[in-house]
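**Student:** below are the sequence and a predicted model; questions follow.
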Amino acid sequence: MKKLSIVSVLVLAVVAWSCNEDVRRTPGHVYMPDMAYSRAIETYAPIDTLAKQGIHYNRLPVAGTIKRGELLPFPLAKDKTGDTANYVQSTHIANPLPALDAVQMKEAERLYLVNCGICHGTALDGNGPLYKGGEGPFSAAPANLATGPKYVTMPDGQMFYSVTYGKGQMGSYASQLSTTQRWMVIHYIKSKQGGGKQAAAVAPATDSAAAKPAAAGAATAAKKPAADTTAKKK
């Protein structure tokens, strides 16, 4: 009977203790807490709290890394103030993308209109909404990419340098456009220069259907033996 009373008292004590209003929110000691409470950062989460903890994180990709499926980065760094060595050297860099098909060219046009058209205009003549024939916010006309001699003759690599690092009043577009997209836009610009003659000049080379009959005819003619035009002596 005495033991039963002791057990009853203990049970009541446990029940009373469990009914305490101060609810315990932490489990106490946790095995491998980093797995239970991850320090993962969401995409747009503020990072000022990390600095307070001595964690320096700027969300930038590690230098030298390349996104899967992306082209290799531009091999030339931005020139220091007053230096133009790399800008001049960029003339020797060719566009690594092959000629764009119709679907890719349409996407390149869209990228141009979204990022470049506001200044250079839909016709690439420098008369975009920001200039608008001198009535817009810009007092000076942006570059005429369609017929301006400097830009018609500008190599692809030098144009890519300007888009990547900025030139004159134009800032860098490296954060808005990927490496592939920047080369696509340059393909589009070059296709519109000279009234689109550059794009038209490429078209015959891609038309293999017309070339096949001619090639077949030439091959047949080559197989025929040459006629003996030497007159036989009697």
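**Tutor:** Structure received.
**Student:** chain center to the strand or helix carrying residue 110, what's the gap?
**Tutor:** Using DSSP states H and E, residue 110 falls within helix 102-115. A distance of 13 Å separates the centroid of the chain from that of helix 102-115, by C-alpha atoms, centre = their mean, to the nearest Å.
**Student:** how about stretch 111-129?
**Tutor:** With C-alpha atoms, centre = their mean, you get 19 Å for stretch 111-129.
**Student:** low-confidence bits of this structure, can you list those?
**Tutor:** When residues are selected by pLDDT under 70, those of the chain lie in 1, 16-28, 34-39, 195-234.
**Student:** spatially nearest residue to the residue nearest the centre of it (excluding sequence neighbours)?
**Tutor:** Nearest residue to the geometric centre of the chain (C-alpha atoms, centre = their mean): residue 178, 1.1 Å. In space, residue 178 comes closest to residue 70 once its chain neighbours are excluded; the distance is 6.3 Å by C-beta to C-beta, 6 or more residues apart in numbering. In short, each C-beta sits where N, CA and C put it, glycine included.
**Student:** so the one you found makes contact with residue 182?
**Tutor:** No: applying C-beta atoms under 8 Å, one finds residue 70 not in contact with residue 182, separated by 11.2 Å.
**Student:** of those two, who's got more company?
**Tutor:** residue 182 (23 against 12; other C-beta atoms under 10 Å).
**Student:** contacting residues for the more buried one?
**Tutor:** 160, 163, 164, 173, 174 (C-beta atoms under 8 Å, 6 or more residues apart in numbering).
**Student:** phi, psi for residue 167 please.
**Tutor:** Per-residue torsions, residue 167: phi -150, psi 130 (degrees, to the nearest 10).
**Student:** relative to residue 142, how far out is residue 129?
**Tutor:** Between residue 129 and residue 142 the computed distance is 11 Å (C-beta to C-beta, to the nearest Å).
**Student:** and what of residue 50?
**Tutor:** In terms of C-beta to C-beta, residue 50 sits 40 Å off from residue 142.
**Student:** more crowded one of those two?
**Tutor:** Per other C-beta under 10 Å, whichever of residue 50 and residue 142 has more neighbours is residue 142, with 20 against 15.
**Student:** ok, that one touching residue 125?
**Tutor:** No: using C-beta under 8 Å, residue 142 is not in contact with residue 125, being 9.3 Å away.
**Student:** where do the helices of this protein begin and end?
**Tutor:** Taking DSSP state H as the criterion, the chain contains helices spanning 2-18, 33-36, 48-52, 85-89, 102-115, 117-120, 149-152, 156-165, 179-192, 197-206, 208-223.
**Student:** I'm done for today, thanks for sticking with me.
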